[in-house]
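> need a 3D model of the sequence below.
(2 chains)
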Number of protein chains: 2
Amino acid sequence: MSAVLKGACIVGQSGGPTSVINSSLYGVVKTAIDNPNITHVLGAEYGIKGVLNDRLFDMDQEDPAELEKLLYTPSSALGSCRYKMKDPDVDDTDYKRIHEIFQKYDVRYFFYNGGNDSMDTCNKISKYMQKVGYECRVMGVPKTIDNDLFGTDHCPGYASAAKYIATSIMEVYHDARVYDTGMICIVEIMGRHAGWLAAAASIASAYGHGPDLVYLPELPFDMESFLEKVEKIYKERKYCMVAVSEGLQFADGTFVSEASTSATDGFGHAQLGGLATKLAAVVGEKTGAKVRGIELSLLQRCGAHLASATDINESFRSGEAAVLNAVNGITDKMVGYERRYENGKYVCDIKLFDLSDVANTEKKFPMEWINETGDGIRKEYLDYVMPLIQGEPATPRKDSLPVYANLRKVLFSK
Amino acid sequence: MSAVLKGACIVGQSGGPTSVINSSLYGVVKTAIDNPNITHVLGAEYGIKGVLNDRLFDMDQEDPAELEKLLYTPSSALGSCRYKMKDPDVDDTDYKRIHEIFQKYDVRYFFYNGGNDSMDTCNKISKYMQKVGYECRVMGVPKTIDNDLFGTDHCPGYASAAKYIATSIMEVYHDARVYDTGMICIVEIMGRHAGWLAAAASIASAYGHGPDLVYLPELPFDMESFLEKVEKIYKERKYCMVAVSEGLQFADGTFVSEASTSATDGFGHAQLGGLATKLAAVVGEKTGAKVRGIELSLLQRCGAHLASATDINESFRSGEAAVLNAVNGITDKMVGYERRYENGKYVCDIKLFDLSDVANTEKKFPMEWINETGDGIRKEYLDYVMPLIQGEPATPRKDSLPVYANLRKVLFSK
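Numbering: from 1, shown residues only, chains lettered A, B, ... in the order given. Down below sits the predicted model:
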């Protein structure tokens, strides 16, 4: 592999959006535009589907001022997809098509911005191009509010979602204890298999305005014990607040939300939701209390106005590092983070991980950070998470409302 | 009535909390503490219940720095209640008790901070004290995210909720159109009988990131027409976003959420909720689309981090004006707002309204501000609402999380 490789680059976004995935996109696009080895910067519409469909935006034609607003624009500006790539040994149709598009535009750099499944896509494309001898440097740019990517200390997007969850719960905490008649409040938080997001509710507790109980999917859920605990707290204090992960499962592996038999997303995951409502009904019946179930829903992953400035900055850097490393000859890696402390101050370094290691591997919430009664989070987690959520975003505003990047999205034609 | 009246004051908060009801509380408490005619400032625990139960906090013992944080602290810091006062001609037990407490502490000023029902309480107490010849100046301090109080141009708390709704919907808008597979998103917004809050969703539309359809409870809801419109938009554009008021009713007056037969709050109102989920199911069946129902739930009324600085300031002024007017001999009024424009710039003046006029009267959303197809909001509303949501709150923060007022709540003893 030559050190200097000239050609176009493609960047795509994949999987569920976050508040800061566009910060990573901006990191890739800005760095790529500025780099003399990259001849064209192409943005794939709806992730890998944009490559397959030859729908590529010419990012060089975007207004730099609008591109900069991507730092504060939630969701995936290029559009996203949940598209499962087949095993190329079984069906290589898609791979041939991608190869064809890469050749058509002389694409020598491919940056894919997403979570576990997206890193799988990225890895498969990387390995295929190596196999067919097409020189293209492939780099994964991490993204996921779930914080479950292998290797990296944390994932871009997680901190902003965690901050949204913590802040919103601090507010709801006060609202949910305003009447002397008492109340039980159950807040449902995203997280299919890993409890990182639900754990963020414990930040609010640590600051004195949060849930009494926090349940993560890392432990089997016992309804009887849950109801006993809630009732005890409610009887003693008139109020009880609980944070639950949407992915809670009984010991037999079935989802508490009982949605495991319903529609699935493109990757075969069960579509969850409605857990708070369900638990609220059960708790209400058991206790006779006024119970409110609240689902943070999409709000928690697109609440850019509450993003962490640290997260925005690191997300930008992950995109930037992907381009700089690729231009320097690196390929087949995912950019990740490694933390260290300098005079007690948190510092985030970029570290690269093999795509093969990252693809489809899920990093669970550490069991040793869950308390011994299985209903709360230990201080070690706080030490971990607090540096990540620091700083307020410099969101541009007009009339006191956020202003987002307005991209032209001109299709590239050779 | 003498111009100079010396004595203690009681302030209470009642009804559903808001992001800024504590700003009004601070306006009352600070102004009362500073006024030489007011001998003691007492905060009633859980609204009028605190008077009935002789649970009154000595506000003079609070740290002034903590009191100031009330400006940015969501929910009702003294606690609230939904307590319907009986007609005194039928049962005057409560009134005699209140009279007794007023006499016990030489209470000559009573400030009650709430919405329609609270103004009814306030009015009844005022009239009773007049009837029994006990001199006490009674002032209502308005509060309601519903914006449905009679007379006043707008209500403290409404603008902050509107800003939360508009901003959150702008964010969700982007998240809900990220996949090329299309999506329909239904957002449920509070508002039992008046559509002011749901109308705030149209702010997001006016700025290019909002719902295609907005439904208010001021018009009967036609399911068939609704489904036709949603399906048409979805088929044309692959995406459709709808904002609905929780209080939508069919032409026969039954709630679309079908919750009218379930539990009621203390005033006999039906407890609503679950409309988004219900409509999402119906729409999903009709269109076959991926549909997401989102309920903004309590978040919209306690989202203090997104409060309007204008709202905070005006809420403080309404509390301040209640005290200053009462000390100057005014009684039996609710403080309200009147707007004017000075060189095109919005100015808010304090205006007083008779409690008798305000009590239990609901101000609906103006029919002439709803578009002719009954599914959207006209520009007149934007002209009305935009000045109200301006300015960001100067929320004190620690570790990038909000810091709230921490009150000592020392019970007053004579």
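
> now do the SS call for the closest residue to A:Tyr158 other than its chain neighbours.
If you skip the residues right next to it in sequence, A:Tyr158 has A:Asn147 as its closest partner in space, 3.8 Å away by CB to CB, 6 or more residues apart in numbering or on different chains. All C-beta atoms are positioned from the backbone trio N, CA, C, and that covers glycine. Going by DSSP: H, G, I helix; E, B strand; the rest coil, the secondary structure assigned to A:Asn147 is coil.

> so A:Asn147 touches A:Ser160, yeah?
No - under the criterion of CB atoms under 8 Å, A:Asn147 makes no contact with A:Ser160, lying 11.1 Å away.

> who has more neighbours, those two?
When neighbours are counted by other CB atoms under 10 Å in any protein chain shown, A:Asn147 and A:Ser160 differ, and A:Ser160 comes out ahead with 32 against 28.

> residue contacts, the more buried one?
A:Thr18, A:Ser19, A:Val20, A:Ile145, A:Gly303, A:Ala304, A:Leu306, A:Ala307, A:Ser308, A:Asp311, A:Ile312, A:Ile389 (CB atoms under 8 Å, 6 or more residues apart in numbering or on different chains).

> confirm A:Tyr337 sits in a strand?
Yes - remark: A:Tyr337 belongs to a strand, assigned using three-state DSSP.

> for it, which residues are in contact?
So A:Tyr337 contacts A:Thr152, A:Asp153, A:His154, A:Glu314, A:Ser318, A:Cys348, A:Asp349, A:Ile350, A:Lys351 (CB under 8 Å, 6+ apart).

> rerun at 6 Å
The contact partners of A:Tyr337, taken as CB atoms under 6 Å, 6 or more residues apart in numbering or on different chains, are A:Thr152, A:Asp153, A:His154, A:Cys348.

> from these, which single one is nearest B:Met190?
Proximity of the contacts of A:Tyr337 to B:Met190 (CB to CB) peaks at A:His154, which lies at 35.2 Å.

> so that closest one, which state does it fall into?
Reduced to three states with three-state DSSP, the structure at A:His154 is coil.

> so which strand or helix has whichever residue of the stretch 151-300 of chain A sits closest to chain B?
Of the residues in the stretch 151-300 of chain A, the one nearest chain B is A:His174, at a distance of 3.6 Å by CB to the nearest CB. When elements are defined using DSSP states H and E, A:His174 is found to belong to helix A:158-175.

> tell me where chain A has helices.
With DSSP state H as the definition, chain A shows helices at residue ranges A:21-34, A:48-52, A:64-68, A:93-104, A:116-131, A:158-175, A:196-199, A:201-206, A:223-237, A:275-287, A:299-302, A:309-327, A:355-358, A:379-385.

> redo those helices as CSV? Include mean pLDDT.
Shown next, in CSV, are those (pLDDT from 0 to 100):
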stretch, mean pLDDT
helix A:21-34, 98
helix A:48-52, 98
helix A:64-68, 98
helix A:93-104, 98
helix A:116-131, 96
helix A:158-175, 98
helix A:196-199, 98
helix A:201-206, 98
helix A:223-237, 97
helix A:275-287, 92
helix A:299-302, 97
helix A:309-327, 98
helix A:355-358, 95
helix A:379-385, 98
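
> let's have the ones you listed in TSV, adding distance to B:Ile377.
TSV is the format used below for the helices of chain A (distance: least, CB to CB, whole Å):
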stretch	distance to B:Ile377
helix A:21-34	29
helix A:48-52	36
helix A:64-68	28
helix A:93-104	45
helix A:116-131	39
helix A:158-175	27
helix A:196-199	34
helix A:201-206	35
helix A:223-237	41
helix A:275-287	29
helix A:299-302	22
helix A:309-327	33
helix A:355-358	47
helix A:379-385	40
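
> what's the closest non-adjacent residue to A:Lys124?
Distances taken as CB to CB, 6+ apart put A:Met85 closest to A:Lys124, at 5.1 Å, once the chain neighbours are dropped.

> run a quick neighbour tally on that neighbour.
When neighbours are counted by other CB under 10 Å, A:Met85 registers 19.

> look up how far A:Pro142 lies from the residue in the stretch 1-150 of chain A that chain B sits nearest to.
Nearest to chain B, among the residues of the stretch 1-150 of chain A, is A:Ser75, at 3.6 Å (CB to the nearest CB). As defined by CB to CB, to the nearest Å, A:Ser75 lies at a distance of 17 Å from A:Pro142.
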